[in-house]
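J.: Provide a 3D model corresponding to the input given below.
(2 chains)
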2 protein chains.
Amino acid sequence: MDNSLAPEFQFIHQYIKKLAGKGALGLTDDAALLSVEPEYELVLTADAMVENVHFFANDPVDLIAQKLLRCNLSDLAGMGAKPIGYLLTVSLPKHCFNRTWFEQFTNGLQKDQEQFHISLLGGDTTSNPSHMFFSLTAIGKVLKNKALRRNNAQAGDGIWVSGTIGDSALGLLALKNEIEDNDGFLTHRYHLPQPRLELNLTDIASAGMDISDGLVQDLRHLARESKVGAIIYTDLIPLSKPAQKLGHQYLETCLTGGDDYELLLTIPAHNETLAIQQSKKANIPLTKIGYCTEHKDSIQFIDHQKRIMQFQHTGWSHI
Amino acid sequence: MDNSLAPEFQFIHQYIKKLAGKGALGLTDDAALLSVEPEYELVLTADAMVENVHFFANDPVDLIAQKLLRCNLSDLAGMGAKPIGYLLTVSLPKHCFNRTWFEQFTNGLQKDQEQFHISLLGGDTTSNPSHMFFSLTAIGKVLKNKALRRNNAQAGDGIWVSGTIGDSALGLLALKNEIEDNDGFLTHRYHLPQPRLELNLTDIASAGMDISDGLVQDLRHLARESKVGAIIYTDLIPLSKPAQKLGHQYLETCLTGGDDYELLLTIPAHNETLAIQQSKKANIPLTKIGYCTEHKDSIQFIDHQKRIMQFQHTGWSHI
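T.: Below is the predicted model of the structure:
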């Protein structure tokens, strides 16, 4: 952690230090130390979030912090890992260097640290002349050789998703005033992803990943890595009540918009009962939406009129 | 790793993928997997670099990449760790999204991966409307309970530094045309730090850290954490020939400028012979510049006229 703050910014240390866990050594050293039980392997992922690309400048600061953390935790969930901690780098324009900003930012992180039983391991704070920029590396662990991968789906496996799909993409439309979001449900889903860490499917699913770039695009990634095809029945895709209310013309947005942070899983038929048990235990809905086929590279979404959907664009890109 | 690049930017994957190591799973999954031998603990550190704050927009792209990596490797060296790999997030303005830029950037990383026997484990590439932002998390390992810490220096221990001090701060002055740098030595020291990973002093030094914010400030950090004081004789501080040539009026710059990425170590008298042996073995100069005292919070730099130096500012801050 950067100890070189000018004296007038020493308050930042006090806020950040509250987040530090045991391995962080009080953020006094060059790096953090982390021991891992020999039966585990580590799972490591890093994602960045940039003002006006991934969030709006006037988004609540605590929610920006939580989304940053949760996007990365969702990647751990996608591999069936249990989170341990994270490293965080922050580069901010001068107007953010005040107690209010840092209090809100660290309060958001603190809340999620308690919820997900993790702590800060290290990082760096710098200024820049223009935009808020955040980068977070999340560290988790998974029993050796048990991590969910993308490359092990088999033809015949069912294709399942957690939660509901598309709320976040619709939340973004609501924030742009393109649709109504009276009770704020969709906007909340956009601001605060729910990483599905409680779903423990490492011994049950054949493949898994989190849906961050849109169901259509992420399913293509999984199918390509597993060398299978897929048929999805859009009628089966779980939509929230507000998403249902918007009607079919928003289905493409739901399937290709990003930021779901739900899980996409393939589950062999003989494990379906176990999967449903896990879903009930974790209180996270799991829905079967289709199945894997042998037709490599053929990904078909069949709509309610039994037609193959054609998409304007297949997924979200931050470039 | 972000798989959601627009088709016209798919070339980026090809450049980045070349850097991926075994644990990165070809960058196809949500996260990387890493196994650690049970006798080791992991060492984790993260630092960001921002255009116009840590480097200039027209700095050579391969050197920006190498400096980013090496700053973090230097943190690992500060704790006596051996590097394993890194995660990297990159946010770039549109004008960087071309083959030339990515080829130079990844060539720089590739060169250092070979030199330091490490590989890329994961990351994320995004755009932004303004500046280049980079964040890197480096992962290393150290035998359990052997990491060099800042809090174990004892009164009486000698204070040592590796290499030469201040070249990088002078290199920055040269880049700003404030001083001459005829053979480019100082500028090169600024652009390309040398993380002192080969110095294996975990059983020899009592405390250690890397010097990134200036010797004066970093010594204060170490002394504070160890609850000791320090006396340094500036005549003993190793300066390169170009730094010596500039004369005493640049001494303060050398001692308070940042970016040395040399090691600051405290070594008990009975281990000095072993330290010198290690220095010779690694072919990295180690120089004793003073010693720790019992006078907590008293850090004195004694100059060539036996006066206590007073500093205008004590170190470098990126805020």
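J.: and the helices in the stretch 151-300 of chain A?
T.: A:167-175, A:185-191, A:215-226, A:241-246, A:251-256, A:272-282 (DSSP state H, counting those that start in this stretch).
J.: looking at the stretch 151-300 of chain A, what residue ends up closest to chain B?
T.: residue A:213 (4.0 Å; CB to the nearest CB). C-beta here means a position set from N, CA and C on the backbone, and glycine is covered the same way.
J.: do the same with the stretch 51-200 of chain A
T.: Closest point on the stretch 51-200 of chain A to chain B, by CB to the nearest CB, is residue A:135, at 3.4 Å.
J.: ok, the closest residue to that residue other than its chain neighbours - contacts?
T.: Leaving aside its sequence neighbours, residue A:135 sits nearest to residue B:135 (CB to CB, 6 or more residues apart in numbering or on different chains; 3.4 Å). For residue B:135, the contacting residues are A:46, A:48, A:89, A:124, A:133, A:135, B:46-49, B:88-89, by CB atoms under 8 Å, 6 or more residues apart in numbering or on different chains.
J.: please repeat the previous calculation with a cut-off of 10 Å.
T.: Residues near residue B:135 by CB atoms under 10 Å, 6 or more residues apart in numbering or on different chains: A:46, A:48, A:87-91, A:123-124, A:126, A:133-137, B:46-50, B:68, B:72, B:87-91, B:123-124.
J.: please apply the same query to residue A:111.
T.: A:62, A:65-66, A:69.
J.: can you tell me how far it is from residue B:227?
T.: 34 Å (CB to CB, to the nearest Å).
J.: again, but for residue A:243
T.: Taking CB to CB, one finds residue A:243 at 59 Å from residue B:227.
J.: so which of these two has more stuff around it?
T.: residue A:243 (23 against 13; other CB atoms under 10 Å in any protein chain shown).
J.: nearest residue to that one in space, ignoring adjacent ones along the chain?
T.: Using CB to CB, 6+ apart, the closest residue to residue A:243 is residue A:166 (5.3 Å).
J.: my guess is that neighbour meets residue A:179, correct?
T.: No - counting by CB atoms under 10 Å, no contact exists between residue A:166 and residue A:179, whose distance comes to 11.8 Å.
J.: the more surrounded of the two?
T.: Using other CB under 10 Å as the criterion, residue A:166 and residue A:179 rank with residue A:166 on top: 30 against 16.
J.: follow-up on the earlier one: name the helix or strand for the residue of the stretch 51-200 of chain A closest to chain B, please.
T.: Here residue A:135 sits within strand A:133-143, counting by DSSP states H and E.
J.: pull up the pairing partners for that strand, direction included.
T.: strand A:40-50 (antiparallel), strand A:82-92 (antiparallel) (DSSP bridges).
J.: now that strand: buried residues?
T.: Along strand A:133-143, these residues count as buried under the neighbour rule (16 or more other CB atoms under 10 Å in any protein chain shown): A:133-142.
J.: same question for stretch A:102-117.
T.: Neighbour counts using 16+ other CB under 10 Å place A:102, A:104-110, A:112-113, A:116 of stretch A:102-117 among the buried residues.
J.: for residue A:224, grab the count of nearby residues.
T.: Residues lying near residue A:224 (other CB under 10 Å) number 16.
J.: roughly how far does the closest residue to it other than its chain neighbours sit from residue B:304?
T.: Closest residue in space to residue A:224, ignoring its immediate chain neighbours: residue A:297 at 7.3 Å, by CB to CB, 6+ apart. Residue A:297 sits 74 Å away from residue B:304, taking CB to CB as the criterion.
J.: also residue A:147?
T.: For residue A:147, the distance to residue B:304 - CB to CB - is 60 Å.
J.: more neighbours, the two?
T.: Taking neighbours as other CB under 10 Å, residue A:147 and residue B:304 compare with residue A:147 leading, 24 against 10.
J.: skipping adjacent residues, who's closest to the more buried one in space?
T.: residue A:79 (4.7 Å).
J.: go on, residue A:254?
T.: Leaving out its chain neighbours, residue A:254 is closest to residue A:166 (CB to CB, 6+ apart), at 2.4 Å.
J.: contact partners for that neighbour?
T.: Shown in contact with residue A:166 (CB under 10 Å, 6+ apart): A:186, A:189, A:211, A:214-215, A:237-240, A:242-243, A:246, A:250-257, A:259-260, A:262.
J.: select only the buried ones of the residues you listed in ChimeraX?
T.: Those of the contacts of residue A:166 that count as buried under 16+ other CB under 10 Å are selected in ChimeraX with:
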select /A:186,189,211,214,215,237,238,239,240,242,243,246,250,251,252,253,254,255,256,257,259,260,262
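J.: what sits against residue A:250?
T.: Counting by CB under 10 Å, 6+ apart, the residues that residue A:250 touches are A:166, A:169-170, A:173, A:179, A:239, A:243-244, A:257.
J.: what about it, distance to residue A:185?
T.: In terms of CB to CB, residue A:250 sits 14 Å off from residue A:185.
J.: also residue A:75?
T.: For residue A:75, the distance to residue A:185 - CB to CB - is 24 Å.
J.: check residue A:304 too.
T.: 23 Å.
J.: hang on, residue A:72 packs against residue A:84?
T.: No - between residue A:72 and residue A:84 there is no contact under CB under 10 Å: 11.9 Å.
J.: so what sits against both of these two?
T.: Counting by CB under 10 Å, 6+ apart, the residues touching both residue A:72 and residue A:84 are A:138-140.
J.: give me every residue that touches the residue nearest to residue A:140 when sequence neighbours are not counted.
T.: Spatial nearest neighbour of residue A:140, excluding adjacent residues (CB to CB, 6+ apart): residue A:81 at 3.5 Å. Shown in contact with residue A:81 (CB under 10 Å, 6+ apart): A:40-45, A:73, A:75, A:138-143, A:146-148, A:197, A:202, B:30-31, B:33.
J.: what's the answer for residue A:252, then?
T.: Residue A:252 neighbours (CB under 10 Å, 6+ apart): A:166, A:169, A:214, A:216, A:234, A:301, A:303, A:309-314.
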